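**Q** With the input below, show me the fold.
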Amino acid sequence: MNNHEQLLHRFYSAFQRKDHQEMASCYHPDVTFGDPAFPHLEGWRASAMWMMLCERGKDLELEFRDISADDTTGKAFWEARYTFSKTGLKVHNKINAAFKFKDGLIIEHRDSFDVKKWMGMALGFKGKILGLFPFGPKMVQKTAMGGLEQFLQKRNLGPGDFPNGRD
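**A** Numbers count the residues shown, from 1 in each chain. Predicted coordinates:
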């Protein structure tokens, strides 16, 4: 296993333990993250998202596999099972992750999953209906980003609260 594969194992093992600080230590200070819910987060805000998800994911169960990496890029597959807090519905999300590396750390992290399927699991019938319309996924993004901002404000968090933090 090369260094970047070890780094990805470290990242997902920390996620299994809900250790957001260890996850953040795998990220380069200039990291960018994106997925269907959080389309673009930079630097410490990406780490803040993982902090929020770890703290809110009381029953989160995570499995990962198919990790591979070379000197510049990597990939992994992971599955998350949890209860969506706003509805109490069970979610089983299957995610493909792609990475780029710089200075031995993750500089870019992109997760992809079927957002319409996720909406149906997390939001039930309402989510299935919203998923039929182009604005449905945009509503998920707006809600997710708003939730992250509220989390940061409520906890009074900023760059100094994260290992990779700087503005």
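**Q** Which element, helix or strand, includes the most centrally placed residue in the chain?
**A** A centroid search over the chain (CA atoms, centre = their mean) returns residue 50, at 5.8 Å, as the residue closest to the centre. Residue 50 belongs to helix 44-56 when assigned by DSSP states H and E.
**Q** elements contacting that helix?
**A** Applying 3 or more CB pairs under 8 Å, 6 or more residues apart in numbering; DSSP states H and E, one finds that helix 44-56 makes contact with helix 20-25, strand 27-34, helix 135-155. Any C-beta I mention is one placed from the backbone N, CA and C, and that applies to glycine too.
**Q** I'd like the ones you listed written out as a markdown table, with distance to residue 114 and mean neighbour count added.
**A** Output for the helices and strands packed on helix 44-56, formatted as a markdown table (distance: least, CB to CB, whole Å; neighbours: other CB atoms under 10 Å):
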| stretch | distance to residue 114 | mean neighbour count |
| --- | --- | --- |
| helix 20-25 | 24 | 20 |
| strand 27-34 | 16 | 20 |
| helix 135-155 | 10 | 14 |
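**Q** looking at the ones you listed, which is closest to residue 112?
**A** strand 27-34 (9.0 Å; CB to CB).
**Q** List of residues touching that closest one?
**A** Here strand 27-34 makes contact (CB atoms under 8 Å, 6 or more residues apart in numbering) with 40-44, 46-47, 49, 102-103, 105-111, 163-166.
**Q** Can you identify the element that follows the strand or helix carrying residue 76 toward the C-terminus?
**A** Taking DSSP H and E as the criterion, residue 76 maps to strand 73-84. Where DSSP H and E defines the elements, the next helix or strand beyond strand 73-84 is strand 89-102.
**Q** Can you give the strand pairings for that following strand, parallel or anti for each?
**A** Applying DSSP bridges, strand 89-102 is found paired with strand 73-84 (antiparallel), strand 105-112 (antiparallel).
**Q** Residue 2 is nearest to which of the ones you listed?
**A** Comparing the strands paired with strand 89-102 by CB to CB, strand 73-84 comes nearest, at 9.4 Å.
**Q** Export only the CA atoms of the closest one, formatted as CSV.
**A** Taking Å, rounded to 0.1, in the frame of the first residue of the first chain, the C-alpha atoms of strand 73-84 are listed here in CSV:
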residue,chain,number,x,y,z
THR,A,73,-4.9,10.8,-7.9
GLY,A,74,-6.9,8.3,-5.9
LYS,A,75,-10.4,6.8,-5.6
ALA,A,76,-12.5,4.9,-3.1
PHE,A,77,-16.0,3.6,-2.7
TRP,A,78,-17.9,4.1,0.6
GLU,A,79,-21.4,3.5,2.0
ALA,A,80,-23.1,5.4,4.8
ARG,A,81,-26.1,4.1,6.8
TYR,A,82,-27.7,6.6,9.1
THR,A,83,-31.0,8.2,10.2
PHE,A,84,-31.7,11.5,8.5
